[in-house]
Structures are given as structure tokens and as C-alpha cells.
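In: using only what follows, build the 3D model:
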Amino acid sequence: MASELVAVVLLIALFVAMVVGVVSYNRKRDTCPKCGEASKPDIPREIVRDPDDGFTELVICKACGHKWRRMPKIDSGGG
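Out: The predicted structure is shown next:
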């Protein structure tokens, strides 16, 4: 009985850690490297296929107007 409880607590802790990791990664993607504004940046229609990094998006900070290429999204991999 105690070992089942430990296993359930461990699984819940791993799930929470996974959710926190994905949320923090997505927050870092949306943070301006110049001013640190964490709001959703403007995304122009320009999406470039980089052979080394995959798809990258040019984004513009709403607060300071700084432009940067955003890190790729976390995806399921696919084929």
C-alpha cells in the first residue's frame, strides 16, 4: 500500500515538472532579449526555413520594437 502511494506521488510530481518545463520554455520564447518584456510579440508573415534550426519566426517586441528570431516550438517530433 505504501509503495503504491509513493508511486502515485512520484508520477504526479513528474507530471507537474513536465508542465512547468513546457510553460517556462514557451515564456522564454516570448520574452524580448533587449527589454525583457514577456508579452506576446507581434509576428509578421515572415517565417523562414533554416536548415540547421528548422522553422524560425521573426517577431517584434510591442514595447521597444526590437526584432529577433524566436526559438522553435516544442513539438511531438512526428515523421
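
In: name the helix or strand for the most centrally placed residue in the chain, please.
Out: For the chain, Asn26 is the residue whose C-alpha lies nearest the centre (Cα atoms, centre = their mean; 2.2 Å). Mapping Asn26 onto the secondary structure by DSSP states H and E places it in helix 2-29.

In: model confidence over that helix, on average?
Out: This predicted structure assigns helix 2-29 an average pLDDT of 89.

In: can you check stretch 68-79 too?
Out: On average, the pLDDT along stretch 68-79 is 62.

In: could I get the pLDDT score of Ile43?
Out: Ile43 is assigned a pLDDT of 72 by the prediction.

In: starting at the chain centroid, how far to the helix holding Asn26?
Out: Between the mean C-alpha point of helix 2-29 and the mean C-alpha point of its chain there is a distance of 16 Å (Cα atoms, centre = their mean, to the nearest Å).

In: number of residues surrounding Asp42?
Out: Taking other Cβ atoms under 10 Å as the neighbour definition, Asp42 ends up with a count of 12. (Each C-beta comes from the backbone N, C-alpha and C, glycine too.)

In: give me the distance between Ser39 and Met18.
Out: Distance, Ser39 to Met18, using Cβ to Cβ, to the nearest Å: 25 Å.

In: ok, now Ala63?
Out: From Ala63 over to Met18 (counting by Cβ to Cβ), the distance is 31 Å.

In: correct me, but Asp42 touches Glu57?
Out: No. The criterion here is Cβ atoms under 8 Å, and Asp42 misses it with Glu57 at 10.6 Å.

In: before we move on, back to that, neighbour-wise, which of Ala63 and Met18 wins?
Out: A count of neighbours by other Cβ under 10 Å puts Ala63 above the other of Ala63 and Met18, at 13 against 10.

In: residues contacting that one?
Out: With contacts defined as Cβ atoms under 8 Å, 6 or more residues apart in numbering, the neighbours of Ala63 are Cys32, Cys35, Glu37, Ser39.

In: switch the cut-off to 7 Å
Out: Going by Cβ atoms under 7 Å, 6 or more residues apart in numbering, Ala63 touches Cys32, Cys35, Glu37.
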